[in-house]
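> Here is my input; please provide its structure:
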Amino acid sequence: MSDSPLVTILDDEPAIRAMLTQALEEAGFRTMSFSRATEFEAALKTTTPDVCLVDLSLPDRDGLTLVHRLALEQGATVIIISGRAQVQDRVTGLELGADDYIIKPFDPAEVVARIRARLRKPTPAQLSGETARFNGWTAHFDRYLLIDDTDRETPFSHAEGEVLRLFLERPKRLISRAMMQEMLGGAAGESFDRAMDVRISRLRTKLREDPKNPRLIKTIYGAGYIFLGDVSWR
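This is a model prediction of the structure:
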């Protein structure tokens with residue numbers, strides 16, 4: 001169906017592309033597959049995917065650099081699929097804006113399930129036109145921008161926007177790890193916890209928070225987080 005979500009697959013292994021294409025199309029998704037980053041980036045000029053599956057080991061481009069640009073500019077959900085299984089690789093990918101990280105080898109059914117989980121909730125781009133003001137900041141979820149009271153602009157990624165919106169919609173309320181997992185999707189466990197730690201750390205940096213004594217995003221050890229700002233929406 002033409003209105004089915006479009007998933008792009010960027011991987012230089014033909015067998016991986018074929019396996020994912022078959023599994024995703026059988027699940028009702030549209031797909032486009034690419035073996036090189038240059039082909040993929042050319043397609044993005046005329047195509048807007050809902051989800052981008054990106055391998056890190058590409059023959060013509062550093063996959064992590066591509067993930068970072070996609071997260072900041074494209075607005076699609078970005079899921080890394082990689083044979084790099086080290087914790088630091090996963091953390092780096094999430095720091096650069098990926099929404100999820102799947103390690104090879106994998107079950108195609110898991111990829112389908114992860115994609116469906118990400119697409120079940122509205123993204124900041126789908127909530128176009130909404131902005132939130134808080135403590136001298138304005139968050140534009142349609143443009144992925146934070147603007148301070150001097151009009152200085154700071155971009156944020158799709159993944160960071162999900163967490164920021166979760167906080168801004170529930171100011172001065174405890175948000176537990178379990179609630180974050182339920183609202184944002186993803187498999188519970190160490191990888192999810194690390195992903196949230198990374199995104200919250202990056203948001204604090206962009207909001208120029210003192211990491212030792214943040215004013216807005218407070219950690220309640222053993223319980224979760226509280227956003228202490230005064231928020232208004234328009």
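> continuing past the lowest-mean-pLDDT helix or strand in the chain, what's the next helix or strand?
Least confident helix or strand, the chain: helix 87-95 with a mean of 77, by mean pLDDT, DSSP states H and E. Sequence order places strand 100-103 as the next helix or strand after helix 87-95, per DSSP states H and E.
> Report the buried residues of that next one.
D100, Y101, I102 (16 or more other C-beta atoms under 10 Å). To be clear about C-beta, it is placed using only N, CA and C from the backbone, and glycine gets the same treatment.
> pLDDT and distance to E110 added to those residues, as CSV?
Shown next, in CSV, are these (pLDDT from 0 to 100; distance: C-beta to C-beta, whole Å):
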residue, pLDDT, distance to E110
D100, 85, 11
Y101, 87, 12
I102, 90, 7
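> Could you list the domains of the protein?
Under automatic domain parsing, the residue ranges defining each domain of the chain are 6-119, 125-233.
> just to revisit the earlier point, from the buried residues of strand 100-103, which is closest to R90?
Y101 (4.7 Å; C-beta to C-beta).
> tell me the SS of A178?
Look at A178: counting by DSSP: H, G, I helix; E, B strand; the rest coil, its state is helix.
> quick one: low-confidence ranges for this structure?
1-2, 72-75, 120-129, 185-191 (pLDDT under 70).
> what are the ranges of the helices in the protein?
14-26, 37-44, 63-73, 87-95, 108-119, 158-168, 177-184, 190-206 (DSSP state H).
> Looking at these, which one is packed in the most?
Highest mean neighbour count of the helices of the chain: helix 158-168, a mean of 23 (counted as mean count of other C-beta atoms under 10 Å).
> How about the backbone phi and psi for the closest residue to H68 other than its chain neighbours?
Nearest residue to H68, sequence neighbours excluded (C-beta to C-beta, 6 or more residues apart in numbering): L96, at 4.1 Å. Phi and psi for L96, reported as degrees, to the nearest 10, are phi -80, psi 0.
> R215 versus L96, what's the distance?
L96 is 26 Å from R215, where distance means C-beta to C-beta, to the nearest Å.
> neighbour count winner among these two?
L96 (23 against 13; other C-beta atoms under 10 Å).
> ok, that one to I147 distance?
22 Å.
> for R90, same thing?
31 Å.
> ditto for D3
To I147, D3 is 33 Å away according to C-beta to C-beta.
> These two: who's more crowded?
Taking neighbours as other C-beta under 10 Å, D3 and I147 compare with I147 leading, 17 against 6.
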